[in-house]
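Engineer: Sequence and predicted structure below; questions after.
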Number of protein chains: 2
Amino acid sequence: MAVTIKDVAKKANVSISTVSRVLSDSPKISEKTKKHVRKVIEELGYHTNLNARSLVQQTTKTIGVVMKHSESEAIHTTFIPEVLRGISYICNKYEYSIRLSTGESEENLFQDVLKMVNGKQVDGVLVLYSKKDDPVVDYLIQSQIPFVILGKPTKDVNKISYVDNDNIHAAMEATQYLIKLGHKRIAFIGDDNKYEVTNARLSGFQQSLQANQVEVCNEYIRNINYSYEEGMRVIRELMSLPEPPTAMVLTDDLNALIVLSSLSKIGLRVPEDVSVICFNNSTISRVSNPRLTSVDIQIFQLGYEAAKTVIEQINEPNTLKKSLIIPTKIIERESCKTMIS
Amino acid sequence: MAVTIKDVAKKANVSISTVSRVLSDSPKISEKTKKHVRKVIEELGYHTNLNARSLVQQTTKTIGVVMKHSESEAIHTTFIPEVLRGISYICNKYEYSIRLSTGESEENLFQDVLKMVNGKQVDGVLVLYSKKDDPVVDYLIQSQIPFVILGKPTKDVNKISYVDNDNIHAAMEATQYLIKLGHKRIAFIGDDNKYEVTNARLSGFQQSLQANQVEVCNEYIRNINYSYEEGMRVIRELMSLPEPPTAMVLTDDLNALIVLSSLSKIGLRVPEDVSVICFNNSTISRVSNPRLTSVDIQIFQLGYEAAKTVIEQINEPNTLKKSLIIPTKIIERESCKTMIS
DNA sequence: TTGTACGCGTTATCAA
DNA sequence: TTGATAACGCGTACAA
């Protein structure tokens, strides 16, 4: 059995409470006994049992991080490690720990969340996605636990704190960027439209076209879900249309990589034959061939602010729900070109 | 305050212990009272406080997962989400939770680990990397907590359970593969050589050359650490050598992507001018242009088995330390070609 | 400034 | 088949 506060007390010839007070550096304890007790703590190699502390303090100093469920292989490869970095940065700073909740299926994930909040294992929760009719979010609202969504809530917006980009606006800008280059036949290739991000970006795309009196052509709106084969097929179809697109906006740079390859396979060059702009600006954008012009959504910052907001909500539970929009920025590289008409 | 077992007991007119027994579905309780108590539990919305349970049972049913520290931006992008998938799969299956330990700096990470194992917040630990003189591992050994390394330990091999590929062998095979295609001037481009993987792969590379009486040329051994600029520089240098390499083995496919771009920039084609084989076989390998011949190290499986081993060690602490080697396989795609001499 | 005693929410042992 | 009660390890009023 591990060494407890009792053992320290006994060996130091003081009471348990004294030890406890030394641990929390209470000002009511003389420097002398502090020194003494600390020495004993050192000698015995004592460490406080965080479970016991949680039990009495009714707080865990840990947040639950809920990822997309992973039954599909398409965990957003470029996204996860980077948000995790942002989240970790804050958690380290505020001395919070992270409990990770993945889950094979949606049901599985839900149970996992249920368990950790019902089981009082976390003080707050950070949900890394947003989608319609998510039981997880419904439950979190009802449970009253502080939580924030990384993404735009699909409902109950005023009951939920969230951190997000303005994806509609960002997509408008991206589309606008292509239009300014003279493109009129612009395709939109999304990924998993179960999630709100994709929908928001599509919406922005469409709005931008309309705002610029460019005809929105439904044939140009496609979806490849991180599948190479699907990408090949879609690109082939798109480019063999009577009026093939001259530019494309992609919702993720991994998908953009697929499109780059597909285009190359059928002998088309980027940006000479078709311009490509994508979202996320992950490492992939920076190293592909050609390097991709990409909308930087500031993934690290997203994680950083989201985690920070969770902790704020924990510490001031009655504060208003807050929403934070992280700015985006188009990083120009080599994949877009003026349309010569 | 949340509803506790006491509240249930009171409302159901039974003792606390009866409720507890119902909770664990003890056979000593009559079906009748079980039904009754369960109904009350339902009505009150009672949920077990897992901290309290951990306290008395001296077990947490959670494992700590230690990632590389993240001060560098180069969290191995392609690796993390996929191992996490494997780990999650097992954790869900065995009803374990995951506590994630990242950390800005090495020191930071170390403190994090210290806290979670000293604080009795985890039953076991999974370290997702291996490197020399790692204080984390030293501490884990000394602390007696069950743990496993995903990677090859640098020392104390018989005190440590680990799951790994045979990276030396895998690198030999990859190199051999190029040699069989007729290549003699083969470069090796690694990534962060702080970690054991890179070293093992380099070693295998060198051994293979020697075994095949191919001269090992130190100028051919390089290191680009997920840096595009560095990649450009190295490739330029390499290819302007009097005798430039005709083939390369890369330790990661993200780096391979950089090399692909660099090569293209200076007008060299893959595989016509230089063959490229890489490790990890992530999505990137499958979608790049050309698609990369890659050593599949089975990342999911790695995570799966590692997590499983941790749980086994937890449940049978006195069993021998076990090491598991996950087989690798070269996935042939488009980036290698016979050398025409 | 320090000690006593109780409570946090469970599980487990021993009686009944 | 059920109930009291003692742990588990810690924090904290209250008392001294």
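Structural biologist: On my side now, so go ahead.
Engineer: tell me, how many neighbours does the residue in the stretch 151-300 of chain A that DNA strand D sits nearest to end up with?
Structural biologist: In the stretch 151-300 of chain A, no residue comes nearer to DNA strand D than residue A:161, which is 26.9 Å away by C-beta to the nearest atom of the strand. Quick note: C-beta positions are derived from backbone N, CA and C, even for glycine. Using other C-beta atoms under 10 Å in any protein chain shown, residue A:161 is surrounded by 22 other residues.
Engineer: Report the beta-bridge partner residues of it.
Structural biologist: residue A:148 (DSSP bridges).
Engineer: now the angle from the helix or strand hosting residue A:89 to helix B:80-93?
Structural biologist: Counting by DSSP states H and E, the element that carries residue A:89 is helix A:80-93. For helix A:80-93 against helix B:80-93, the angle by axes from the mean of the first three to the mean of the last three C-alpha atoms, to 10 degrees is 70 degrees.
Engineer: List the buried residues for helix A:80-93?
Structural biologist: Within helix A:80-93, the residues scored as buried using 16 or more other C-beta atoms under 10 Å in any protein chain shown are A:80-92.
Engineer: Repeat that for stretch A:255-273.
Structural biologist: Quick answer for stretch A:255-273 (16+ other C-beta under 10 Å): A:255, A:256, A:257, A:258, A:259, A:260, A:261, A:262, A:263, A:270, A:271.
Engineer: how near is the residue of the stretch 151-300 of chain A closest to DNA strand D to residue A:315?
Structural biologist: 13 Å (C-beta to C-beta, to the nearest Å).
Engineer: same question, residue A:36
Structural biologist: Counting by C-beta to C-beta - residue A:36 and residue A:315 are separated by 34 Å.
Engineer: same deal with residue A:251?
Structural biologist: 35 Å.
Engineer: Among these two, which residue is more densely surrounded?
Structural biologist: For residue A:251 versus residue A:315, neighbours defined as other C-beta under 10 Å are more numerous around residue A:251 (29 against 12).
Engineer: could you list every residue that touches that one?
Structural biologist: Contacts for residue A:251 (C-beta atoms under 8 Å, 6 or more residues apart in numbering or on different chains) come out as A:189, A:190, A:191, A:197, A:198, A:201, A:278, A:279.
Engineer: Just give me the closest of those to residue A:224.
Structural biologist: Closest to residue A:224 out of the contacts of residue A:251 is residue A:189 (5.9 Å), distances taken as C-beta to C-beta.
Engineer: Of the contacts of residue A:251, which is the most crowded?
Structural biologist: Of those, with other C-beta under 10 Å as the count, residue A:279 tops at 30 neighbours.
Engineer: Now that residue: closest residue in space, sequence neighbours ignored.
Structural biologist: residue A:295 (4.7 Å; C-beta to C-beta, 6 or more residues apart in numbering or on different chains).
Engineer: Contact partners for the one you found?
Structural biologist: A:170, A:173, A:174, A:277, A:278, A:279, A:280, A:281, A:328, A:329, A:330, A:331.
Engineer: 10 Å instead, please
Structural biologist: Counting by C-beta atoms under 10 Å, 6 or more residues apart in numbering or on different chains, residue A:295 touches A:165, A:167, A:170-171, A:173-174, A:177, A:201, A:249-251, A:253, A:277-281, A:285, A:328-331.
Engineer: Just the ones of these in strands?
Structural biologist: Under the assignment DSSP state E, the contacts of residue A:295 contribute A:165, A:249, A:250, A:277, A:278, A:279, A:329, A:330, A:331 to strands.
Engineer: Show the buried residues in those residues.
Structural biologist: Buried among those by 16+ other C-beta under 10 Å: A:165, A:249, A:250, A:277, A:278, A:279, A:330.
Engineer: Reformat the buried residues of helix A:80-93 into JSON lines and put pLDDT and distance to residue A:27 next to each item.
Structural biologist: Below are those laid out as JSON lines (pLDDT from 0 to 100; distance: C-beta to C-beta, whole Å):
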{"residue": "A:80", "pLDDT": "88", "distance to residue A:27": "44"}
{"residue": "A:81", "pLDDT": "88", "distance to residue A:27": "43"}
{"residue": "A:82", "pLDDT": "89", "distance to residue A:27": "42"}
{"residue": "A:83", "pLDDT": "92", "distance to residue A:27": "40"}
{"residue": "A:84", "pLDDT": "92", "distance to residue A:27": "38"}
{"residue": "A:85", "pLDDT": "91", "distance to residue A:27": "38"}
{"residue": "A:86", "pLDDT": "93", "distance to residue A:27": "36"}
{"residue": "A:87", "pLDDT": "95", "distance to residue A:27": "34"}
{"residue": "A:88", "pLDDT": "93", "distance to residue A:27": "33"}
{"residue": "A:89", "pLDDT": "93", "distance to residue A:27": "32"}
{"residue": "A:90", "pLDDT": "95", "distance to residue A:27": "29"}
{"residue": "A:91", "pLDDT": "95", "distance to residue A:27": "29"}
{"residue": "A:92", "pLDDT": "93", "distance to residue A:27": "27"}
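Engineer: Nice, that's everything, thank you.
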